[in-house]
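# what would the 3D arrangement of this be:
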Amino acid sequence: MASLLDAAVANNAQWCDGVCRHAGLPVAADRRLWWTAARSPDNYPDAVTLKPGASGEEILAPVDSSPGCSVKDSFSDLDLRPWGFRVLFDARWVSRAPGDPERPLGMEWRTVSSPSEHSAWADGHGAASAIGLDLVGPDLQLLTAYRHGRLVAGAALSVAGEVVGVSNLFALEGNAAEVWADVVTVASRSFPGLTMVGYEQGEDLAVAAVAGFVPLGPLRVWMLWPPDLGRAGRSGGAQRVVRRSDRLWTSRVSSPPKLE
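Below you'll find the predicted structure:
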């Protein structure tokens, strides 16, 4: 098996690949880079480095590098400032060994399988329009959590290789640590024996650590900001920046920006 860091990067790149394919965009990859030649959906990168040591020239050559372009620097080893890019955020890849599938859950968790359930998940998430119901399958689950009949949390689980990615986690009410703990249990039940991977920052990183996730290495997301946008976001001055679809979005658990 590849290192856990390589596995986390590959898992995330596959997630981005699926979303972009679902949107009808051309995608490609080689040993060092995944990319889409057309502008990615909002909250998703146009390129993801798969190995360290890539150059700015080779990353930007195959993508639409006009304002709005974003690059996930998976090893935090790029300098895209000469091309006018700025750092959107820094984060940490994380992993966790499988949890106890017998642990009691604190909420009622459901796997999204119908248009109404998907609509509830997307509304709760708040920035997940690119994640269509037809992406859901044996290796990709969208999860919702209910308490007393109310939607209170959600997440996504995606298998690639020998790991399961945990992403798009949101908590509408209650304790974020409880949500993370439950997601670990649900992932351990749905995909027995698979290590969990993902990336987090800020408060979310601290809460993930409480749930048993450990850091694997740094990552950074770069963005070429449109001249009239400043640091507000890709499509409007008042827009939330969410981190989690692959996320140029803001998480409901905490507010710092992130890219899925």
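
# wait, isn't residue 218 in contact with residue 92?
Yes - contact criterion CB atoms under 8 Å: residue 218 and residue 92 qualify, at 6.0 Å. (C-beta placed from N, C-alpha, C; glycine too.)

# who has more neighbours out of these two?
Just comparing residue 218 and residue 92: by other CB atoms under 10 Å the higher neighbour count belongs to residue 92, 19 against 15.

# that one against residue 200, yeah?
Yes - with contact defined as CB under 8 Å, residue 92 counts as touching residue 200 (6.3 Å).

# and the residue nearest to residue 108 when sequence neighbours are not counted, what is it in contact with?
Leaving aside its sequence neighbours, residue 108 sits nearest to residue 146 (CB to CB, 6 or more residues apart in numbering; 4.6 Å). Residues near residue 146 by CB atoms under 8 Å, 6 or more residues apart in numbering: 107, 108, 109, 110, 152.

# what's around the first one, how many residues?
So that's residue 107. With other CB under 10 Å as criterion, residue 107 counts 19.

# try the third one
By other CB under 10 Å, the residues close to residue 109 number 19.

# what helix or strand is it on?
According to DSSP states H and E, residue 109 maps onto strand 108-111.

# send me that strand as CSV with only the CA atoms.
Provided in CSV are the C-alpha atoms of strand 108-111 (Å, rounded to 0.1, in the frame of the first residue of the first chain):
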residue,chain,number,x,y,z
GLU,A,108,-29.8,8.6,13.9
TRP,A,109,-27.6,8.3,10.8
ARG,A,110,-29.1,7.7,7.3
THR,A,111,-27.5,7.0,4.0
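
# tell me where the chain has strands.
Applying DSSP state E to the chain gives strands spanning 27-29, 33-36, 47-49, 70-73, 86-96, 108-111, 140-147, 150-160, 163-171, 195-200, 214-223, 249-250, 257-258.

# how about low-confidence regions in the stretch 51-200 of the chain?
By pLDDT under 70, the weakly predicted segments of the stretch 51-200 of the chain are 128-129.

# picking up where we left off before, can you redo the strands of the chain as CSV with distance to residue 55?
CSV is the format used below for the strands of the chain (distance: least, CB to CB, whole Å):
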stretch, distance to residue 55
strand 27-29, 17
strand 33-36, 10
strand 47-49, 10
strand 70-73, 12
strand 86-96, 18
strand 108-111, 42
strand 140-147, 32
strand 150-160, 26
strand 163-171, 27
strand 195-200, 23
strand 214-223, 14
strand 249-250, 28
strand 257-258, 25
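
# quick one, what contacts residue 83?
Contacts of residue 83 (CB under 8 Å, 6+ apart): 56, 60, 65, 224.

# next, the third one: phi, psi?
Read that as residue 65. phi -90, psi 20 (degrees, to the nearest 10).

# tell me which residues touch the closest residue to residue 64 other than its chain neighbours, please.
Using CB to CB, 6+ apart and skipping residues adjacent in sequence, the residue nearest residue 64 is residue 39, 5.1 Å away. By CB under 8 Å, 6+ apart, the contact set of residue 39 is 46, 64, 66, 68, 69.

# are any of those buried, and which?
Buried by 16 or more other CB atoms under 10 Å: 46, 68, 69, out of those.

# okay but the second one is in contact with residue 224, surely?
Right, the one you point to is residue 68. Yes - contact criterion CB under 8 Å: residue 68 and residue 224 qualify, at 6.7 Å.

# from residue 103, how far off is residue 178?
Remark: distance between residue 178 and residue 103 (CB to CB, to the nearest Å) = 12 Å.
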